[in-house]
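[1] missing the sequence, but the structure's below:
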C-alpha cells in the first residue's frame, strides 16, 4: 500500500458522496490514495475521514465551474452520483448533464480508469427470465432511457479515459439502508405489489468490492458493461417470509391493489446474471444471497436496541 504522505500517491476523483461514494472514499484512503470528492452540499462530507488525503469540493456536477478546481489527469475517476430528486429533470441533470460535464473536464487530460455506477433498471425484460449484459435495454421508462444516455456519453469515443467500466448495480442495501426490511417490519401483515416477482439485490460492501475489482484488474481488462448483483435473485415473497421470521413479525401477504408503481410504472420482474463480472474481473460477493447480507444487518439492529 502506498503511503498518503508520498507526493506521487495515486489520485482518485469521486463524483458523489452519498451511500456508495462515501464508502468508496473511505476505502480509497485506506488503500493509500489521494482522494478528491465532489458533492452538491458540504453536509455530505461529515462522515468522511478527517485526513489530509481527502480534498472536498462543493459544486454542481452538471456545471463547468468545478473544472479548474480538479486536476483532469487522475489515476481513477468514479462517477457514483445519485439523482438528487427533481423527477425527470433531476435525472437528466444529475446523470446526463453531469456525465457530459465530466467528459468536457477530461478533454483537458485523461483518466487512467473511469467507472460509472449505473443501474440494472435499464433492462426492459419483465418475464422472470435470466438477464445478462447482452439483453435488450430501454424503451420502457424515461428514467431508464436517461440512464442509458449517460452510459452512451461515458462509452463514447471522445470520453478521455484509458479504460471504462459501467457497473450496472442492483438494488443496494446494507448498514443504515434496508428499505425492504423496514417495510416488512412495519407492514402490518400486508405489503404492496406482487410476491412472485424476483428481487435483485447487492450489499453495499459488494458494490465497493466490484469497483475495486475493476480498478485492480484494469491492466488486463479493457472495460465494458458489467452487472453487479448477488448470486441469488429471490422472489419477494421468499425474502419477506424469511425476514418476517427473523424479525418475529407475522409473514406479510402481498396485495397488488395497494401497489405503488415505481418510476418505470411497474416493478421489473427478471433475474440478473453476475456471471460476466465474476469470470472476467474475478469478483466474488462477500454476501452471495439475501440471507447472509440481511443477517449481518439484523445482528447490528439487535445489538443497538
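    Yep, it's here. Treat the numbers as computed from the prediction; the structure is a model and nothing was measured. Residues are numbered from 1 along each chain as shown.

[2] Quick one: classify the nearest residue in space to residue 165 that is not next to it in sequence as helix, strand or coil.
    Leaving aside its chain neighbours, residue 165 sits nearest to residue 214 (4.3 Å; criterion: CB to CB, 6 or more residues apart in numbering). (Glycine included, C-beta is placed from N, CA and C.) Per DSSP: H, G, I helix; E, B strand; the rest coil, the secondary structure class of residue 214 is helix.

[3] and residue 214, what pLDDT?
    pLDDT, residue 214: 96.

[4] mind listing what it touches?
    With contact taken as CB atoms under 8 Å, 6 or more residues apart in numbering, residue 214 is in contact with 113, 115, 165, 167, 221, 223, 226, 281.

[5] For the second one, what are phi and psi?
    Think residue 115. Backbone geometry at residue 115, expressed as degrees, to the nearest 10, gives phi -130, psi 130.

[6] How about stretch 271-283, which residues are buried there?
    Buried residues in stretch 271-283, defined by neighbour count with 16 or more other CB atoms under 10 Å: 271, 272, 273, 274, 276, 277, 278, 281, 283.

[7] tell me how far that stretch is from the chain's mean position?
    Relative to its parent chain, stretch 271-283 has a centroid offset of 16 Å by CA atoms, centre = their mean, to the nearest Å.

[8] gap between the residue located most distally from the centre of the chain and residue 290?
    Largest separation from the mean C-alpha position in the chain: residue 250, at 31.7 Å (CA atoms, centre = their mean). Separation of residue 250 from residue 290 (CB to CB, to the nearest Å): 19 Å.

[9] What of residue 228?
    On the measure of CB to CB, residue 228 and residue 290 end up 15 Å apart.

[10] Among those two, which residue is more densely surrounded?
    When residue 228 and residue 290 are compared for neighbours, residue 228 comes out ahead with 28 against 22, by other CB atoms under 10 Å.

[11] Contacts only, for the closest residue to the more buried one other than its chain neighbours.
    Residue nearest to residue 228 in three dimensions, not counting chain neighbours: residue 210, with 4.5 Å by CB to CB, 6+ apart. Listed by CB under 8 Å, 6+ apart, the contact set of residue 210 reads 167, 226, 228, 277, 281, 283.

[12] correct me, but residue 298 touches residue 246?
    Yes. Here residue 298 reaches residue 246: they are 5.6 Å apart, a contact under CB atoms under 8 Å.

[13] Quick one: the helices in the stretch 101-250 of the chain, in order.
    Remark: helices assigned in the stretch 101-250 of the chain by DSSP state H, counting those that start in this stretch are 142-155, 179-185, 204-216, 236-247.

[14] Of those, flag the one that's most buried.
    Across the helices of the stretch 101-250 of the chain, averaging neighbours per residue (mean count of other CB atoms under 10 Å) puts helix 204-216 on top, at a mean of 22.

[15] Phi first, then psi, for the residue nearest to residue 132 when sequence neighbours are not counted.
    Leaving out its chain neighbours, the residue that sits closest to residue 132 by CB to CB, 6+ apart is residue 273, at 4.4 Å. Main-chain torsions, residue 273, degrees, to the nearest 10: phi -90, psi 140.

[16] got a pLDDT number for residue 273?
    Note on residue 273: pLDDT of 98.

[17] Check the one 5 residues further on too.
    The confidence metric pLDDT takes the value 97 at residue 278.

[18] Can you tell me how far it is from residue 68?
    Applying CB to CB to residue 278 and residue 68 gives a distance of 41 Å.

[19] so where is the stretch 101-250 of the chain shaky, pLDDT-wise?
    Low-confidence segments of the stretch 101-250 of the chain, defined by pLDDT under 70: 218-219.

[20] do that again at 90, thanks
    Residue ranges of the stretch 101-250 of the chain with pLDDT under 90: 187-189, 193-194, 217-222.

[21] quick revisit: of the contacts of residue 214, buried ones?
    Listed as buried from the contacts of residue 214 are 113, 115, 165, 167, 221, 223, 226, 281; burial here means 16+ other CB under 10 Å.

[22] Cross the residues you listed against strands and list the overlap.
    113, 115, 165, 167, 223, 226 (DSSP state E).

[23] got a list of what residue 171 touches?
    Contacts for residue 171 (CB under 8 Å, 6+ apart) come out as 199, 200, 201, 202.

[24] Nearest to residue 121 among the ones in strands among the buried ones among the contacts of residue 214?
    Nearest to residue 121 among these is residue 167, at 13.2 Å by CB to CB.

[25] one step back: of all pairs in the contacts of residue 214, which one is the farthest apart?
    In the contacts of residue 214, two members sit farther apart than any others by CB to CB. They are 113 and 226, at 13.5 Å.

[26] Now for these two: what residues contact both?
    Common neighbours of residue 113 and residue 226 (CB under 8 Å, 6+ apart) are 165, 214.
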